[in-house]
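1. coordinates only, sequence not included:
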Ligand code: URA
Ligand code: CA
């Protein structure tokens, strides 16, 4: 077999065999096939696409490039959850103790934030002492004891994905549905998930800006799951505004605790209930979604999973008293209140722009080696569809500088689009793909 012939075949729009795909990915992974051939291949896939079968085979080849983690010692059906990356997406933090409360294992390998999206690991590290550097053995022990643990993803997991992703990043081939779908699913499956709930974000703050493309990505990922015999469902959800009110690490931790006390923002609470409900059905804790969602709603309203949250934090070395005392979290020294320059209705909030501003404040990284400031971020006080008066507080910026940079102030205010006429609230969930 020759890489050239496989690239040519894909360029002509023909379907590749499993052996051809495996040849390319394993050759690339062990250094026998150079970057420039894989770049050409990625571009051919970008233009010609892949069938579901090819995409599933690509996913398997990427999984086979590294260690498959043996989590068979984790008791119960392990359901993983993945979001394609949003702004202010605090869902994982909130559902972790809820899933565990019902006795299903929440064993999650999470990532760090990069660019305009945050990461669960960074948020958890706002909590004093919280340790995400667990060995697989410690991770398994903690999940079996407390039903919940979160650790960083090891570099040995699907290494071909990391290499391929860096190439795509510099060759304008990131936004290809089969390449994104196989990238995401390979990591989830290599991490040993028995079932997966995917939250495909759509709109301004998301990878996929159009609803149609988002459904295509959702369908592709569900197809891969089905081909590989893992129960998979995908929600397509709105990212035309940040999720909830808080963006930034410690602010989102507080938002998570508030949500677990039944006082969270409505959109965030509703999405947590839906995601957790699907996970608990796949984990066979409940036999239908309606029942599962009602039970989750009650746990949130009555604050029943707070003890589990404390167990989770303490189990990883963190100070669990933060759940009751937010002063134990780092919160920025200065709160800058921003006022609306106009009166009317909020038609849209540029989530990606707010994510970038949070990053500039220090909440996120431009490159993976940057360090972050857990205490800074943004709180939005109005959401899409809300009415606002001139001079009313629209957002608060949490910063450690007493004087706010005027560019940051202007860009934050400009992220809120205000129109004089009433606008309808957009749906939170556009659909579910099973
Ligand atoms: N997230 C991933 O993990 N991979 C992609 O290709 C895109 C988003
Ligand atoms: Ca949030």
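-> Arrived safely. Just so we're clear, the structure is a prediction, and the values are computed from it rather than from any experiment. Ligands and ions are numbered 1, 2, ... in the order given.
2. From now on I want contacts and neighbour counts done on CA atoms only, so please keep to that.
-> OK.
3. Let me see the contact set for residue 334.
-> Residues in contact with residue 334 (Cα atoms under 8 Å, 6 or more residues apart in numbering) are 398, 399, 400, 401, 402.
4. typo on my end, it should be residue 422
-> 344, 345, 385, 387.
5. With respect to ligand 2, which of the contacts of residue 334 is nearest?
-> residue 398 (14.3 Å; Cα to the ion).
6. count of neighbours near that closest one?
-> Neighbour count for residue 398, taken as other Cα atoms under 10 Å: 25.
7. Centroid-nearest residue for the protein?
-> By Cα atoms, centre = their mean, the chain has its centre lying nearest to residue 83, at 3.3 Å.
8. Tell me the confidence at the closest residue to ligand 2 within the chain?
-> Using Cα to the ion, the single residue of the chain nearest to ligand 2 is residue 88, 3.5 Å away. If you check residue 88, the pLDDT there is 91.
9. any idea how far residue 351 is from it?
-> 9 Å (Cα to Cα, to the nearest Å).
10. can you check residue 82 too?
-> Applying Cα to Cα to residue 82 and residue 351 gives a distance of 19 Å.
11. Remind me which helix or strand the residue lying closest to residue 20 once chain neighbours are set aside belongs to.
-> The shortest distance from residue 20 to any non-neighbouring residue, by Cα to Cα, 6 or more residues apart in numbering, is to residue 6 (6.7 Å). Counting by DSSP states H and E, the element that carries residue 6 is helix 3-11.
12. ok, which pair from the contacts of residue 422 is furthest apart?
-> The two members of these with the most space between them (Cα to Cα) are 344 and 385, at 9.7 Å.
13. about what we covered before: name the nearest residue to the residue nearest to the centre of the chain, sequence neighbours excluded.
-> In this structure, residue 83 finds its nearest non-sequential neighbour in residue 199, 4.5 Å apart by Cα to Cα, 6+ apart.
14. State whether that neighbour and residue 235 are indeed in contact, as I suppose.
-> Yes. If you go by Cα atoms under 8 Å, residue 199 and residue 235 touch, sitting 4.9 Å apart.
15. what about residue 98, how many residues close to it?
-> Neighbours of residue 98 using other Cα under 10 Å come to 28.
16. what sits against it?
-> Counting by Cα under 8 Å, 6+ apart, residue 98 touches 276, 296, 299, 305, 308.
17. Can you tell me which of those is nearest ligand 1?
-> Minimum distance to ligand 1 across the contacts of residue 98 is 21.3 Å, recorded for residue 276 (Cα to the nearest ligand atom).
18. right, and the closest one touches residue 97 too?
-> No. The pair residue 276 and residue 97 fails to qualify as a contact (Cα under 8 Å) at a distance of 10.3 Å.
19. my guess is residue 214 meets residue 236, correct?
-> Yes. With contact defined as Cα under 8 Å, residue 214 reaches residue 236; the gap is 6.7 Å.
20. The stretch 201-350 of the chain: strands as residue ranges?
-> Listed in chain order, the strands of the stretch 201-350 of the chain (DSSP state E, counting those that start in this stretch) span 231-238, 246-247, 334-339, 344-349.
21. Ok, which of those strands comes nearest residue 423?
-> With Cα to Cα as the measure, strand 344-349 is the member of these nearest residue 423 (6.1 Å).
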